[in-house]
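Chemist: could you work out the structure for the sequence below:
(2 chains)
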Amino acid sequence: SQQGEEDPQALSIQEGENATMNCSYKTSINNLQWYRQNSGRGLVHLILIRSNEREKHSGRLRVTLDTSKKSSSLLITASRAADTASYFCATEDSNYQLIWGAGTKLIIKP
Amino acid sequence: EAQVTQNPRYLITVTGKKLTVTCSQNMNHEYMSWYRQDPGLGLRQIYYSMNVEVTDKGDVPEGYKVSRKEKRNFPLILESPSPNQTSLYFCASFSPANTEAFFGQGTRLTVV
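Modeler: This next block holds a predicted model:
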């Protein structure tokens, strides 16, 4: 099922700038996860934030979660050309189903 | 190494010729799932399985079958493929409750 909506659908920035992507969802969740997909390849897990957490960091990644607004954001700082990919959010609901957003396509210009 | 293995990676077939895409995981995950990905439509779930001998339809199950006879394997069967099943297919597995999903590398299927 898809309930998440990523915003924007596409984002193009200069190398070195920060990239911010947002995800909204509709139902209550156990956790929210972000994944990266390089063109035509399998999705790779980036970071998981539990429903009782508000912010989480992993290297250049920062994720926030606002359960009252049913939204999350992924910030990639100091972007690099290798960050060019599509980014997906997925929410795990109370039935342990993963529900996916449509993705944000990120392009980092050198 | 933890992984999900899909085969084949690429497949071109003709309408109506039955095919199977295999998926195997080595992490003892209970949950496995098949998705198709089409431009502009994101990931759409075809079927999922929460454990051995337990399978359920996802959002787009028509034209597909699955089975889960063993925990590690979750094959996707197209009994009579049609051109509208041309797509990029992904298998994924995870253990529910606050763990990440692992994806296979994908199978690009073309039905002519």
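
Chemist: enumerate the residues of chain B near chain A.
Modeler: Residues of chain B found near chain A (Cβ under 8 Å from any Cβ of the partner chain) are B:4, B:31, B:33, B:35, B:41-45, B:48, B:50, B:58-59, B:88, B:90, B:92, B:94, B:96-106, B:108. Quick note: C-beta positions are derived from backbone N, CA and C, even for glycine.

Chemist: got the residue ranges for the strands in the chain?
Modeler: If you meant another chain, say so; for now it's chain A. A:5-7, A:10-14, A:19-24, A:31-37, A:43-50, A:55-58, A:61-66, A:71-76, A:85-92, A:98-100, A:104-109 (DSSP state E).

Chemist: was after chain B, sorry
Modeler: Counting by DSSP E, the strands of chain B are B:4-7, B:10-13, B:19-25, B:31-38, B:42-51, B:54-57, B:65-66, B:76-78, B:87-94, B:102-103, B:107-111.

Chemist: now these in CSV, with mean pLDDT and mean neighbour count?
Modeler: Shown next, in CSV, are those (pLDDT from 0 to 100; neighbours: other Cβ atoms under 10 Å in any protein chain shown):
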stretch, mean pLDDT, mean neighbour count
strand B:4-7, 97, 19
strand B:10-13, 97, 13
strand B:19-25, 98, 19
strand B:31-38, 95, 23
strand B:42-51, 92, 20
strand B:54-57, 95, 14
strand B:65-66, 98, 18
strand B:76-78, 98, 19
strand B:87-94, 96, 24
strand B:102-103, 94, 23
strand B:107-111, 98, 19
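
Chemist: from memory residue A:54 sits against residue A:62, does it?
Modeler: No: shown here, residue A:54 and residue A:62 do not form a contact pair, counting by Cβ atoms under 8 Å, at 11.4 Å.

Chemist: how near is the residue nearest to residue A:18 when sequence neighbours are not counted to residue A:43?
Modeler: Leaving aside its sequence neighbours, residue A:18 sits nearest to residue A:77 (Cβ to Cβ, 6 or more residues apart in numbering or on different chains; 5.1 Å). To residue A:43, residue A:77 is 22 Å away according to Cβ to Cβ, to the nearest Å.

Chemist: higher neighbour count, the two?
Modeler: Per other Cβ atoms under 10 Å in any protein chain shown, whichever of residue A:77 and residue A:43 has more neighbours is residue A:43, with 29 against 14.

Chemist: now that one: how far from residue B:88?
Modeler: 11 Å.

Chemist: try residue B:9
Modeler: In terms of Cβ to Cβ, residue B:9 sits 10 Å off from residue B:88.

Chemist: which residues do those two both contact?
Modeler: B:106, B:107, B:108 (Cβ atoms under 8 Å, 6 or more residues apart in numbering or on different chains).

Chemist: and those residues, which is closest to chain A?
Modeler: Looking at the shared contacts of residue B:9 and residue B:88 and their distance to chain A, the nearest is residue B:106, at 5.5 Å (Cβ to the nearest Cβ).

Chemist: burial count for that closest one?
Modeler: 20.

Chemist: over to residue B:39?
Modeler: For residue B:39, the tally of surrounding residues (other Cβ under 10 Å) stands at 7.

Chemist: residue contacts, residue B:47?
Modeler: Counted by Cβ under 8 Å, 6+ apart, residue B:47 has contacts B:33, B:34, B:55, B:56, B:57, B:58, B:61, B:64, B:65, B:66, B:76.

Chemist: beta partners of the nearest residue to the first one once chain neighbours are set aside?
Modeler: It refers to residue B:33. Leaving out its chain neighbours, the residue that sits closest to residue B:33 by Cβ to Cβ, 6+ apart is residue B:48, at 4.1 Å. Going by DSSP bridges, residue B:48 is paired in beta bridges with residue B:33, residue B:56.
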